[in-house]
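S.K.: A predicted structure for the sequence below; I have some questions about it.
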Amino acid sequence: MKKWLRNWRLFSLFSVMALLLAGCGKPFLSTLQPAGEVADMQYSLMLLSTAIMVLVIVVVTIIFVYVVIRFRQRKGEENKIPKQVEGSHKLEIIWTVIPIILLLILAVPTVSATFKLADVKPMNKEKRDKDTLVVNVRANLYWWEFEYPDYGVITSQDLVVPTNERVYFNLKASDVKHSFWIPAVGGKMDTNTENKNQFWLEFDQKAADKAGGVFYGKCAELCGPSHALMDFKVKAVPRKEFDQWIEKMKNAKPVVTDPVAKQGEAIFNKSCIGCHAVTPVDKRPEQARTAPNLANFGDRERIAGILDHNEENLKKWLRNPESVKPGNKMTGTYGKLTEEQINALAKYLMSLKVE
Amino acid sequence: MSTLARKKGVGAVIWDYLTTVDHKKIAHLYLIAGGLFFIMGGIEALLIRIQLAKPNNDFLVGGLYNQVLTMHGTTMIFLAAMPLVFAMMNAVVPIQIGARDVAFPFLNALGFWLFFFGGLFLNCSWFLGGAPDAGWTSYASLSLESKATHGIDFYVLGLQISGFGTIMGGINFLVTIINMRAPGMTYMRMPMFVWATFVTSALILFAFPPLTVGFIFMMMDRLFGGNFFNPAAGGNTIIWEHLFWIFGHPEVYILVLPAFGIFSEIFATFSKKRLFGYSSMVFATVLIGFLGFMVWAHHMFTTGMGPVANAIFAVATMAIAVPTGIKIFNWLFTMWGGNIRFTTPMHYAVAFIPSFVMGGVTGVMNAAAAADYQYHDSYFVVAHFHYVIVGGVVFALLAGSHYWWPKMFGKMLNETLGKITFWLFFIGFHLTFFIQHFLGLMGMPRRVFTYLPNQGWETGNLISTIGAFFMAAATVILLINIVITTVKGEKAEADAWGDGRTLEWAVSSPPPVYNFAQTPLVRGLDAYWIEKMEGKKELTPAEPLGDIHMPNSSFLPFIISFGLFVAAFGFTYHNDHSWGLPVGIIGLLITFGSMFLRSVIDDHGFHIHKEEVLELEKKGAKA
Amino acid sequence: MQVEEKLTAETFPSSPERATLEGKNKFIGFWLFLGGETVLFASLFATYLALKDKTAGGPSADELFQMPLVFVATMLLLTSSLTSVYAIYHMKNFDFKKMMLWFGITVLLGAGFLGLEIYEFNEYVHEGHVFTKSAFASAFYTLVGTHGSHVAFGLSWILTLMIRNAKRGLNLYNAPKFYVASLYWHFIDVVWVFIFTVVYLMGMVG
Amino acid sequence: MVNQTNSGNERVDLAYRRRKNAEEMKHQVISFVLMILLTLISFAAVGYDEFSHWFSIPFILLLAVVQVAFQLYYFMHMSHKGHELPALFIYAGVFVAFLTVWAFVTVVWW
């Protein structure tokens, strides 16, 4: 009996701890493990509001439990009529004034943080500072395009940013409304169809190390059948590495040596190049850029944003995109490919690397 | 002229309900129809939770999941919660103010049938290609893109039709409460539920027109080539968001204020105490209604309105917490010093306090705009509004159905089964939704049909799914309870719970068709309690016994609504089929034709004679 | 029926529209309805204001609008508001014939207004300002068209009332109906005042 | 419903009532004339090119509000007794209407 009790205690202790640990979520995804200035600011606001709210809950619960236990009907008192109280001005004033004070305590930092997070002046200067990094984010049905306008470089699906500095974003959508969210790094902003939204984020180097260098990004606005699958990845690297990456991207061209990949290139140039570009410098207007830029496809974290990055999954996607992302715009835009052609294409695509 | 109290066959009963204008029978209709839609919405919820029980599940994928998700939200708000609230109002409000019916009995019936045909039309989409799939908010860019099926057209037209019914209901209750209170029933003597109905109806009156306009725009864009939301022609989808939320936020209060009203009645009744701080409760209700119109944009913090707008709406939203807090404490102090009897309705009422406080405080957290950038469109928000809607509204509707069941149907629901329902539902509710706060904070966006493993969301989602099944089990037991009660329940007395305070408990259960043989004289708050405390068995009448004027039944409300139902089909398909336009016009002709009939044929109602009333009263007293 | 009781000028109450409970209900209910209509039109106006410059290459407001036409239409509708006041004045004096006469004039003026509006829309369509052209066009036609359909509904309402009651004179059953119909007519005028100010005049100013 | 009229005390002297009605009618004609005048002024204000629209737009809006007040208070008798609730609900409607329009001209700017 004793042993059972001890085991039970141990078990419950472990389960509570497990719950607490799980409660923080994953460092690459959870808002509870903030990885940058914005997320930090929001996290402290969350903590402050939670503290105030827990206080409220505790007060209510104490009164509640007392009342429910103390004043329940007892045997033999079924017909007792309690005193009919009209109310009490003193009490009512107390529970009007105290909440007002609590809300004021919350309102001041809220307003101040709201304005701080909206400070995008540096990106809108007539002549931007050289170090101010701006990224144009364009959300499309189930894929993301990231354009670095100051460098003339375009990439998609994997966003690469320097750490420990503010990165500014222009956000828009090309078809339906989406929402750009990197939970661990900071709150979201919608990508609208008729205007450009602007905000900034900061990626913390230490947190990035803890998260393995990659943060998960999500689409947070229902956008159609594959809304759940519209993930993207953020590679946060030190400024120096970022600069190197940009340089490489500027000059990247597909270099194909493998004969099978060469075959793949031929197929690609016949039927895919109309939508997909394979160089990061894509001068076409955005309306013409109807599919993800594949220049650094081989370096990507995921196939289609969700599948593990390997040739098998790529082939699966090429065979039938619909089975991976229902409602995507690629299905049906190209003829039936033979298994051989798919092999060749996969080889070719995987060879597209800048790193 | 009297067709009362005659034995009737099944056909006659059905015909009676199709043509009735009696608020008590319309309450039954709302309860049954709303209950059916509630079960449908519940099944949809179960499907959603089954799909999300484990990562990469393939039970309900992509577009179909979005249809189920959209219909769950739409059904629960428009076709379950609203009509069930209307059921409570119809069943009780006229009696609570000492009236014989609502101000416009014909419109009352029309309101129900419009709601019903609107809901029916919306659900027809399941069988005609596919349901709407752009979420219950149906944001314009996605809902214009969704052209593969007519789902969104069903949404727009169906809700349009049922919305007309809702506005009618709102005006009807306002006029009823303004004009038809019994002598002595001043505004400050009205039961709290009546006050809640009053403010709710005012909110309906002002909140539904923007929604109607939004629907008109959406209909124009989708069916008639309009450009309101088409950016290529200068349109702007943010307008839809604004219109929707100008309606959408008051809608939350439209649902929750009646819930507050129901709980106020129950707390007072089963604590055997007058409602604590009645006048501040009234004040808080009105204030919530007023503030409810100034906060809609907090649903749009991430839309990009800019920091000034976000800050203003954040602070305005926080302000609502104050009147809500006043209410919570007033309820606690109603119980304080009382003699609390834990009946089934009281279980819900007591459980409501901590549950709703949870939903309320997360609401204030959401109001903090900068932090909301993280919460917005995540499972945190899903958890928040389910705490408010289920912990507040659904608890209230379950409580209210148990509380007023004897008044509506003349039989007491089984208390043991009632308490089992309660516990299952209560546990299931917290199991389902508490964990979702954390899922949201851990980065899970809402409205996703699946998720990948290794993101830390597996356990939470599984727990949530298990909870949903508890709630389903509770609903099943409630249904069993209803069946058992209907078959062999005990006949309820007039004052079925023995502690009734308001006028509805002074008339027999169920009440006679005219409610009060003599209009009562009201001498204070809790009119019936006052009489009881003075040792009287009956109310003080305000008029001598006389002939009672009653409105005639009419089949026209059904036909008018049916016409719109037909018209909606026509317009939905008018771009695809040549029969569309004629069918649409025929439908409108049916509707306007029957409206014309209504205005041309005088309907003065009929009288129940004094002798008949006496006879009925005797019978009622005996039973 | 008491409400259909034949009355004389002496027994006719001074506020016949509110003399019965049914009348009172209609009276209050209709005013509430007008409160809701205010919000409905506000949403249409708000949308129009947000979209009025989004012409997408189509004609803009100041190129289109024909002010003389709008001025005449405005005068017609304003006058019809006065004539319906006259009708109610005579109703209160229990002068059924004069009431019918003035309501008749109101209907004629309203029909004139509606005719002008249809003519106006037709002109605009010929200038390429069609409903599907731009967001501005959609918003314009929906706002002004909703008002126009209110006019049409009001006309058929008043006409139905006149025909239905042509032979039975005034009583407490139909007095509230006439009264409420005239309220509706005034409300249409209220909306028009804002339409000619916000849509037409402000459209000319730019 | 039983008849709850209290027409008894309303059966005041017919001649007196007629006189009052006639007097009121006079007011209404006056307000009509004023309304026509206001309409003319606002059309003229727009037609006259010298005014900048920073002046003319608020000016014609003000005239519209005055006209509508005439309509409500004289033509629709809101100045009469027993119109407290109608006034309350119309003003509530105007309040929501104002919020809506205000939001659409400030927040929806793109």
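M.R.: Structure's in. What do you need? Remember, it's a predicted structure, so these values are computed and weren't measured experimentally.
S.K.: for the helix or strand in which B:Q67 is found, what is the average pLDDT?
M.R.: In the assignment (DSSP states H and E), B:Q67 maps to helix B:62-74. For helix B:62-74, mean pLDDT rounds to 95.
S.K.: so does it get close to chain A?
M.R.: Yes - Helix B:62-74 lies within reach of chain A by C-beta under 8 Å from any C-beta of the partner chain, at B:G62, B:G63, B:Y65, B:N66. Heads up, the C-betas are built off the backbone N, CA and C, glycines and all.
S.K.: in a markdown table: those, plus distance to chain D.
M.R.: Shown next, in a markdown table, are the residues of helix B:62-74 next to chain A (distance: C-beta to the nearest C-beta, whole Å):
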| residue | distance to chain D |
| --- | --- |
| B:G62 | 32 |
| B:G63 | 31 |
| B:Y65 | 32 |
| B:N66 | 27 |
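S.K.: of these, which is the most crowded?
M.R.: B:N66 (31 neighbours; other C-beta atoms under 10 Å in any protein chain shown).
S.K.: for chain B, which spans come out with low pLDDT?
M.R.: Scanning chain B for pLDDT under 70 picks out the ranges B:1-8, B:620-623.
S.K.: how about the residue sitting nearest the centre point of it, nearest residue that isn't a chain neighbour?
M.R.: Taking C-alpha atoms, centre = their mean as the criterion, B:M82 is the residue nearest the geometric centre of chain B, at 2.1 Å. With C-beta to C-beta, 6 or more residues apart in numbering or on different chains as the criterion, B:M82 has its nearest non-adjacent residue at 6.4 Å, and that residue is B:T166.
S.K.: any residue of the longest helix anywhere in chain D up close to chain C?
M.R.: Counting by DSSP state H, the longest helix found in chain D is helix D:14-47. Yes - counting by C-beta under 8 Å from any C-beta, chain C has neighbours in helix D:14-47: D:14, D:17-18, D:21, D:24-25, D:28-29, D:32, D:35-36, D:39, D:42-43, D:45-47.
S.K.: for that helix, what does the pLDDT average out to?
M.R.: If you average the pLDDT over helix D:14-47, you get 87.
S.K.: list the buried residues in it.
M.R.: The neighbour-count check on helix D:14-47 (16 or more other C-beta atoms under 10 Å in any protein chain shown) flags D:14, D:17, D:21, D:24-25, D:28, D:31-32, D:35-36, D:38-39, D:42-43, D:45-46 as buried.
S.K.: right, and B:Y403 touches B:P345 too?
M.R.: Yes - counting by C-beta atoms under 8 Å, B:Y403 touches B:P345, with 3.9 Å between them.
S.K.: contact residues of chain C facing chain B?
M.R.: Residues of chain C lying close to chain B by C-beta under 8 Å from any C-beta are C:1, C:3-4, C:21, C:24-25, C:28-29, C:32-33, C:35-37, C:39-40, C:43-44, C:47, C:50-51, C:54-56, C:131-139, C:142, C:160-161, C:164, C:173.
S.K.: what residues are up against B:F270?
M.R.: Shown in contact with B:F270 (C-beta atoms under 8 Å, 6 or more residues apart in numbering or on different chains): B:I340, B:R341, B:F342, B:T343, B:P345, B:M346, B:A349, B:W497, B:D499.
S.K.: the first one contacts B:T269, doesn't it?
M.R.: No - with contacts counted by C-beta under 8 Å, B:I340 stays clear of B:T269, the gap being 10.5 Å.
S.K.: could you check how far the residue nearest to C:L40 when sequence neighbours are not counted is from D:V96?
M.R.: Nearest residue to C:L40, sequence neighbours excluded (C-beta to C-beta, 6+ apart): B:P209, at 3.7 Å. Counting by C-beta to C-beta, to the nearest Å, the gap between B:P209 and D:V96 amounts to 9 Å.
S.K.: next: A:A344.
M.R.: Distance, A:A344 to D:V96, by C-beta to C-beta: 64 Å.
S.K.: again, but for C:E10
M.R.: C:E10 sits 44 Å away from D:V96, going by C-beta to C-beta.
S.K.: neighbour count: the two, which is higher?
M.R.: Comparing C:E10 with D:V96 by other C-beta under 10 Å, the one with more neighbours is D:V96, at 26 against 11.
S.K.: do any residues in the helix or strand where the more buried one lies lie close to chain B?
M.R.: Under the criterion of DSSP H and E, D:V96 resides in helix D:84-106. Yes - counting by C-beta under 8 Å from any C-beta, contacts between helix D:84-106 and chain B involve D:L85, D:F89, D:A92, D:G93, D:F95, D:V96, D:L99, D:T100, D:A103, D:F104, D:T106.
S.K.: will you turn the residues you listed into JSON lines that also has distance to chain C?
M.R.: Converted to JSON lines, these look like this (distance: C-beta to the nearest C-beta, whole Å):
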{"residue": "D:L85", "distance to chain C": "6"}
{"residue": "D:F89", "distance to chain C": "4"}
{"residue": "D:A92", "distance to chain C": "6"}
{"residue": "D:G93", "distance to chain C": "4"}
{"residue": "D:F95", "distance to chain C": "9"}
{"residue": "D:V96", "distance to chain C": "5"}
{"residue": "D:L99", "distance to chain C": "9"}
{"residue": "D:T100", "distance to chain C": "5"}
{"residue": "D:A103", "distance to chain C": "7"}
{"residue": "D:F104", "distance to chain C": "4"}
{"residue": "D:T106", "distance to chain C": "10"}
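S.K.: widest-spaced pair of these?
M.R.: Spanning the widest gap among those are D:L85 and D:T106, at 31.6 Å by C-beta to C-beta.
S.K.: looking at these two, which is more packed in?
M.R.: Of the pair D:L85 and D:T106, D:L85 is the one with more neighbours under other C-beta under 10 Å, namely 17 against 12.
S.K.: SS state for the residue located most distally from the centre of chain A?
M.R.: In chain A, the residue that sits farthest from the middle, by C-alpha atoms, centre = their mean, is A:G76; the gap is 61.3 Å. State at A:G76, reduced to three classes by DSSP: H, G, I helix; E, B strand; the rest coil: coil.
S.K.: ok, now the one 3 residues further on?
M.R.: Using three-state DSSP, the structure places A:N79 in coil.
S.K.: C:W102 touches C:M91, doesn't it?
M.R.: No - taking contacts as C-beta under 8 Å, C:W102 lies outside contact range of C:M91: 9.2 Å.
S.K.: doesn't A:K233 belong to a strand?
M.R.: Yes - under three-state DSSP, A:K233 falls within a strand.
S.K.: pLDDT weak spots in chain C?
M.R.: For chain C (pLDDT under 70), the answer is C:1-4, C:206.
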